[in-house]
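>>> predicted model and sequence below, questions to follow.
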Amino acid sequence: MSKKTFNKPKRAQFVYFLLVFLSGGALFFIKTQPDDEQNFWVMIILLMILMFSLLKSTKNWAYDNPKPKDGEEENEKNKLVYKNKDIPSLEEMINKKKKK
């Protein structure tokens, strides 16, 4: 994705949020109406708007919060290391507790 696609990510994200909120609310409102007042094609169009805005907002979130390129290296740095510590086994811990 190029940066030209997302000129103002925060503003675009707000617009996508509004589209999701309004189309979802309109779908909910139409669905609560009696069956003879529900318009199938309006619901399909609102559902398409909802799905499009969700797709664009998730792309925008992914653009704003990229994954680190070396994800495995970061995880290795954050792991706890117990190389120099003598950690007792489960059996030793049980035996120690029984002796008390």
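Arrived safely.
>>> ok, how many other residues are close to Ser89?
By the criterion of other Cβ atoms under 10 Å, Ser89 has 8 neighbours. Heads up, the C-betas are built off the backbone N, CA and C, glycines and all.
>>> next, it: phi, psi?
With angles defined as degrees, to the nearest 10, Ser89 sits at phi -80, psi 170.
>>> how close does it get to Lys98?
14 Å (Cβ to Cβ, to the nearest Å).
>>> what's the answer for Ala62, then?
From Ala62 to Lys98 the distance is 54 Å (Cβ to Cβ).
>>> which of those two has more neighbours?
More crowded of Ala62 and Lys98, by other Cβ under 10 Å: Ala62, with 11 against 7.
>>> tell me the centre residue of the chain?
When Cα atoms, centre = their mean is applied to the chain, the residue found nearest the centroid is Thr58 (7.8 Å).
>>> got the CA coordinates for stretch 53-60 in CSV?
C-alpha atoms of stretch 53-60 as CSV (Å, rounded to 0.1, in the frame of the first residue of the first chain):
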residue,chain,number,x,y,z
SER,A,53,-16.3,0.2,5.4
LEU,A,54,-15.2,-2.7,7.6
LEU,A,55,-12.7,-3.8,4.9
LYS,A,56,-11.3,-0.3,4.5
SER,A,57,-11.1,0.3,8.2
THR,A,58,-9.1,-2.9,8.8
LYS,A,59,-6.8,-2.0,6.0
ASN,A,60,-6.3,1.4,7.6
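>>> pull the distance from stretch 88-100 to the chain's centre.
Its chain's C-alpha centre and that of stretch 88-100 lie 43 Å apart, by Cα atoms, centre = their mean, to the nearest Å.
>>> identify all contacting residues around stretch 33-52.
Outside stretch 33-52, the residues within contact range by Cβ atoms under 8 Å, 6 or more residues apart in numbering are Leu19, Val20, Ser23, Gly24, Ala26, Leu27, Ile30, Lys31.
>>> average pLDDT for it?
Averaged across stretch 33-52, pLDDT comes to 92.
>>> next one: it to chain centre, how far?
Per Cα atoms, centre = their mean, the centroid offset for stretch 33-52 relative to its chain is 26 Å.
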